[in-house]
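# sequence and predicted structure below; questions after.
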Amino acid sequence: MIRGINCNIAANAVIADSIELGDNVTIGYNCVIEHNVTLGDNVIIECGTVVRENTLIGNDTRIGANCIIGEHFMDYYNGINTQYCLNIGKNALIRSGTIIYGASDIGDNFQTGHHAVIREHSKIGNHVSVGTMTDIQGTCEIGDYVRFHSNVFVAPNSKVDSYVWIFPHVTITNDPTPPSKDMRGVSIKSYAVIAAGALLLPGIVIEEDSLIAAGAVVTKDVEQFSVVAGNPAKKIADIREVKNKVTGESAYPWRYHFDRAMPWEGIGFDRWMKESGDSI
């Protein structure tokens, strides 16, 4: 074991020899840390959590009680000794009961609610939040600053670009003729908003700056700046015409009116774009 300074490890924690601990690492009671795990500086792991082999956890990360980090997937239970790694960036907050499978890459400033599940072979960007009881299935691609609220289901092969909001109880599917092997993932473009309880059917594309109304059943592609609602969902407005129900002012595109926890917080979207050199 390579062990940094000022580490605090509970007496009954089970720690493999082939691990590397940074400085100021805390490991709580009844934790299990398996082979070839690397924990960065200031990592805190609370009681009852298991960190499986070949996991790398970045600096300043906190993992709540009774999590499984680097969980096995089906190959393991079928007796196949597949080598895979899980990488979690710095400054993550992983709340109690969360299960994250191996063979994924997760960026910096990641956060979960309680009992979230993230399956294998997923790629997740920076500043992503996954709410309580949300289930992100395998082989998904997720950009930066994406917000999944609670009880969202994301089917395999889904692609969610940066700055997307997905509200509670949204279901994203991928099988057009269930049960089948013909999986067609949904693609959601940047700045889209998917309101509570919406159902997205397989293979559709939600274009930038669109708004899917609460409870909508989306059966076909959604054009940029569209507001769609109903079952099946139909376009009912241009998003740029939607007003804030309290102030009466324009509400969309939302990035010009909302900035909490966004990279343009306090300076405005246009200034941030100019200073960052990015394009819309």
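Alright, I've got the coordinates. Numbering: from 1, shown residues only.
# count the residues that sit near the closest residue to Ala251 other than its chain neighbours.
What sits nearest to Ala251 in space, not counting adjacent residues and going by C-beta to C-beta, 6 or more residues apart in numbering, is Asn244, at 4.4 Å. C-beta: built from backbone N, CA, C; applies to glycine. For Asn244, the number of neighbouring residues by other C-beta atoms under 10 Å comes to 11.
# what about Ser162, distance to Leu211?
Noted for Ser162: a distance of 17 Å to Leu211, by C-beta to C-beta, to the nearest Å.
# the more surrounded of those two?
The neighbour comparison of Ser162 against Leu211 (other C-beta under 10 Å) goes to Leu211, with 27 against 17.
# quick one, phi/psi of the more buried one?
phi -130, psi 120 (degrees, to the nearest 10).
# shouldn't Ser162 be in contact with Arg147?
No - here Ser162 lies out of contact with Arg147, judged by C-beta atoms under 8 Å, at a distance of 10.9 Å.
# ok, and the closest non-adjacent residue to Arg3?
Nearest one to Arg3, counting by C-beta to C-beta, 6+ apart, is Leu21 at 4.7 Å.
# what do you get for Pro253?
Closest residue to Pro253 apart from its sequence neighbours, by C-beta to C-beta, 6+ apart: Asp209 at 5.0 Å.
# go on, Lys90?
That would be Gly58: by C-beta to C-beta, 6+ apart, it lies 3.5 Å from Lys90.
# isn't that neighbour up against Asp108?
Yes - between Gly58 and Asp108 there is a contact at 6.9 Å, judged by C-beta under 8 Å.
# overlap in contacts of these two?
Contact criterion C-beta atoms under 8 Å, 6 or more residues apart in numbering; residues shared by Gly58 and Asp108: 89-92.
# please identify which of the residues you listed is nearest to Glu141.
Taking C-beta to C-beta as the measure, Glu141 lies nearest Gly89 of these, at 16.0 Å.
# check the closest residue to Asp182 other than its chain neighbours and give its pLDDT.
When the adjacent residues along the chain are set aside, Asp182 lies closest to Pro176, with 6.3 Å between them (C-beta to C-beta, 6+ apart). pLDDT, Pro176: 94.
# hang on, the earlier thing: ok, the residue nearest to Pro253 - contacts?
Contacts of Asp209 (C-beta under 8 Å, 6+ apart): 191-192, 224-225, 239, 252-253.
# how's the chain carved up into domains?
As given by automatic domain parsing, the domain ranges for the chain are 2-247, 248-280.
# what residues of the last one count as buried?
In other words, domain 248-280. Within domain 248-280, the residues scored as buried using 16 or more other C-beta atoms under 10 Å are 251-255, 259, 263-264, 269, 272.
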